[in-house]
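Asker: could you look at this predicted model? Sequence included:
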Amino acid sequence: MQSNPDQSGQTGGPPGGYRFAVITMSDKGVRGERQDTSGPALRELFEAAGYRFCHYALVADAIPAIVAAVTTAIDRDRADLVLTTGGTGVSPSDVTPEAMDQLFDREIPGIAEAMRAASLAITPQAVLSRGRAGIRGQSLIVNLPGSRKAALENVAAVMAAFPHALDKIKGSPADCATLSKQ
């Protein structure tokens, strides 16, 4: 399998060959009571890293809205990477992880485990995160916390693995290499 070319004809490999979407879950944001700061921060970070932005949505904390937004980002806008922010805690309205049950073909627990481990070094509340990561078709979906600070801290722990993960998800036959510290 080959990755889908973007509008410039580029495929896979470096981040610039991959399209990303940011979807923020926030009832207060949808009602205009809170400004989304994590979504724009993630967009800025990933654009600076060379990924190509293709989709943004701000949706209510509701499973149907989350599923529709992620599906649109992948199916219509061809996002290779979907970063969700918000709805991963333990409040009654936090249903992002449950929405993933309708979206994931396969789960990648190591991504969420690494984010929680890195976050636990910063705050004991990290153990309350229920964020998940998984694959839908040939796209990677990663759930991040809703606060700007926590979203950036969490994604920093795993972002370096995304280009390789995306290459493999797209069907790259290249062997996985073990990176060692020198």
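Answerer: Structure received.

Asker: please name the bridge partners of the residue nearest in space to the middle of the chain.
Answerer: In the chain, the C-alpha closest to the average C-alpha coordinate belongs to Leu83, at a distance of 2.3 Å (CA atoms, centre = their mean). Each beta-bridge partner of Leu83 is listed here: Val22, Val142, as defined by DSSP bridges.

Asker: that one reaches Leu42, doesn't it?
Answerer: Yes: here Leu83 reaches Leu42: they are 5.3 Å apart, a contact under CB atoms under 8 Å. Where you see a C-beta, it was placed from the backbone N, CA and C, and this is true even at glycine.

Asker: common neighbours of those two, please.
Answerer: 22, 144, 155 (CB atoms under 8 Å, 6 or more residues apart in numbering).

Asker: in terms of helix, strand or coil, where does Ile135 fall?
Answerer: The three-state assignment at Ile135 reads strand, by DSSP: H, G, I helix; E, B strand; the rest coil.

Asker: list the contacts of it.
Answerer: In this structure, Ile135 makes contact with 104-108, 141, 169, judged by CB under 8 Å, 6+ apart.

Asker: how many neighbours does the closest residue to it other than its chain neighbours have?
Answerer: Counting by CB to CB, 6 or more residues apart in numbering, the nearest residue to Ile135 once its immediate chain neighbours are dropped is Arg106, at 4.7 Å. Other residues near Arg106 number 8, with proximity taken as other CB atoms under 10 Å.

Asker: roughly how far apart are Arg106 and Glu47?
Answerer: In this view, Arg106 and Glu47 are 28 Å apart by CB to CB, to the nearest Å.

Asker: Gln138 now?
Answerer: The span separating Gln138 from Glu47 equals 21 Å under the rule CB to CB.

Asker: more crowded one of these two?
Answerer: Between Gln138 and Glu47, counted using other CB under 10 Å, the more crowded position is Gln138 (17 against 13).

Asker: from memory the more buried one sits against Leu81, does it?
Answerer: No: counting by CB under 8 Å, no contact exists between Gln138 and Leu81, whose distance comes to 10.7 Å.
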